[in-house]
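> could you look at this predicted model? Sequence included:
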Amino acid sequence: MIRHRIGSEKKGAGRKTALERQPQLLVNFLALLAEFTAGDPMREGVLWTNLSRCEISRRLREMGTPASRLTVRKLLKQQGLGQRKARKKKSMGAHPDRNAQFENIARLKAEYLTAGDPVISIDTKKKELIGDFAREGHTHTQIPVETLDHDFPSASQGKLIPHGIYDVARNEGTMHLNMSHDTSELCCDSIARWWQQHGQHHYPNARRVLILCDGGGSNAANRHVFKEALQALADGLGLAIRIAHYPPYCSKHNPIEHRLFPHITRACQGVVFHTVDIAKQLMAKAKTSTGLKVTVDILTTVYEIGKKCAADFIENMRIVFDEHLPRWNYRAIPQTN
């Protein structure tokens, strides 16, 4: 309940509050709140209103009890209504082998890290339109920034596809930007570029790499075209590539999702991506107090969608599946091994 002073004021005690001057204000506010407040049927007492403070102030004025935005804010706070953002915390489901795969990933990570072999986490970040389009967030500018009022892809220069790689041991991120399509070939080219520019220098004695990824998109667990591209990658790099997929509904546990991508988002917030170079410059500035370093490169290859694996790939596939949870755990062994 809202508490306010009752009774006479001493002379010189200061200006009365809006509630004291307008006894009807609280009644009108609660009536307005009741009309425009929704509740959570699963949790008693969880409420929210879709009215802004300005809108509430305007409606109260129309009801004959004017109140400033500051007064409205106090009233909302007293009713337990704060400004909050919905958080993505609820899992859509739980696979029966979820815990078993998490234990398996933890074991593999420990094994590779202890041996000094690379462990990388990969994923494609949210795609962005290149052009005069508004982006979420605020930034400091000398003049107001105006953008198109509709985000029509036809008005853009193309769609930016940011593929990320996070080196778990070194706390280093690599972003590869492309303007064509998010395909398995792009994913594997991104890994190859990371190895050529960073991996082989940091892990000169490594003959294997562990890759952590979710189970969908360009690195989907059920896509033979990904496994074909992965085999070609292993042959080209001379590395044994082990894949460990996170179970369904668990992609948020992939290290790249909370150790790299949020910092990339923060570094780019509010800035219009007029060109790919602007996105590259901003992403490269992402850093944290714990020493995160980020490098960004552009992949100019045009990737085609709808490709299928070779007719004889499945019959002659050299991918080695684990006995334990084989759909999520397998290796591409280079032909030279």
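Good, I have the coordinates.

> give me every residue that touches residue 275.
130, 157 (Cβ atoms under 8 Å, 6 or more residues apart in numbering). C-beta here means a position set from N, CA and C on the backbone, and glycine is covered the same way.

> state which helix of the protein is the longest.
As assigned by DSSP state H, the longest helix anywhere in the chain is helix 98-115.

> residues in contact with it?
95, 118-119, 168-169, 208-210, 212, 242, 244-247, 250, 253, 324-325, 328-329.

> buried ones among these?
118-119, 168, 208-210, 212, 242, 244-247, 250, 253, 325, 328-329 (16 or more other Cβ atoms under 10 Å).

> how about the helix or strand that contains residue 71: buried residues?
Assessed by DSSP states H and E, residue 71 sits inside helix 69-78. Neighbour counts over helix 69-78 (16+ other Cβ under 10 Å) mark 71-76 as buried.

> and that helix, what does it pack onto?
For helix 69-78, the helices and strands in contact under the criterion 3 or more Cβ pairs under 8 Å, 6 or more residues apart in numbering; DSSP states H and E are helix 23-35, helix 53-62.

> turn these into a markdown table, including mean pLDDT.
Below are the helices and strands packed on helix 69-78 laid out as a markdown table (pLDDT from 0 to 100):
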| stretch | mean pLDDT |
| --- | --- |
| helix 23-35 | 83 |
| helix 53-62 | 87 |
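
> how about those helices in CSV, adding mean neighbour count?
Listed next are the helices and strands packed on helix 69-78 as CSV, based on neighbours: other Cβ atoms under 10 Å:
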stretch, mean neighbour count
helix 23-35, 15
helix 53-62, 16
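
> let me have these in a markdown table, adding distance to residue 292 as columns.
Listed next are these as a markdown table, based on distance: least, Cβ to Cβ, whole Å:
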| stretch | distance to residue 292 |
| --- | --- |
| helix 23-35 | 44 |
| helix 53-62 | 37 |
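
> returning to that earlier point: so which of the contacts of helix 98-115 sit within strands?
Using DSSP state E, the subset of the contacts of helix 98-115 located in strands is 119, 208-210, 212, 242, 244-245, 329.

> in those, find the pair that's most separated.
Across the ones in strands among the contacts of helix 98-115, the longest distance by Cβ to Cβ is 17.3 Å; it joins 208 and 245.

> so what's the residue count around the nearest residue to residue 191 once chain neighbours are set aside?
Spatial nearest neighbour of residue 191, chain neighbours left out: residue 233 (6.2 Å); criterion: Cβ to Cβ, 6 or more residues apart in numbering. Residue 233: 21 surrounding residues under other Cβ atoms under 10 Å.

> what's the host helix or strand of residue 233 packed up against?
If you go by DSSP H and E, residue 233 is part of helix 224-237. Here helix 224-237 touches helix 184-194, strand 240-245, helix 313-316, strand 329-332, going by 3+ Cβ pairs under 8 Å, 6+ apart.

> what's stretch 303-313 in contact with?
178, 180-183, 185-186, 224-225, 227-228.

> buried set for it?
303, 309, 313.

> can I get those in a markdown table with pLDDT?
Output for these, formatted as a markdown table (pLDDT from 0 to 100):
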| residue | pLDDT |
| --- | --- |
| 303 | 96 |
| 309 | 90 |
| 313 | 91 |
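
> and which of those is nearest residue 217?
Among those, and counting by Cβ to Cβ, the member closest to residue 217 is residue 303, at 13.3 Å.

> correct me if wrong, but the closest one is in a strand.
No - secondary structure of residue 303 (DSSP: H, G, I helix; E, B strand; the rest coil): coil, not part of a strand.

> surely residue 179 and residue 156 touch.
No - using Cβ atoms under 8 Å, residue 179 makes no contact with residue 156, being 10.3 Å away.

> identify the contacts common to the two.
Between them, residue 179 and residue 156 share the contacting residues residue 130, judged by Cβ under 8 Å, 6+ apart.

> just to revisit the earlier point, with distance to residue 127 and pLDDT as added columns, please give the buried residues of helix 69-78 in TSV.
Output for these, formatted as TSV (distance: Cβ to Cβ, whole Å; pLDDT from 0 to 100):
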residue	distance to residue 127	pLDDT
71	43	89
72	39	87
73	37	87
74	42	87
75	42	86
76	37	85
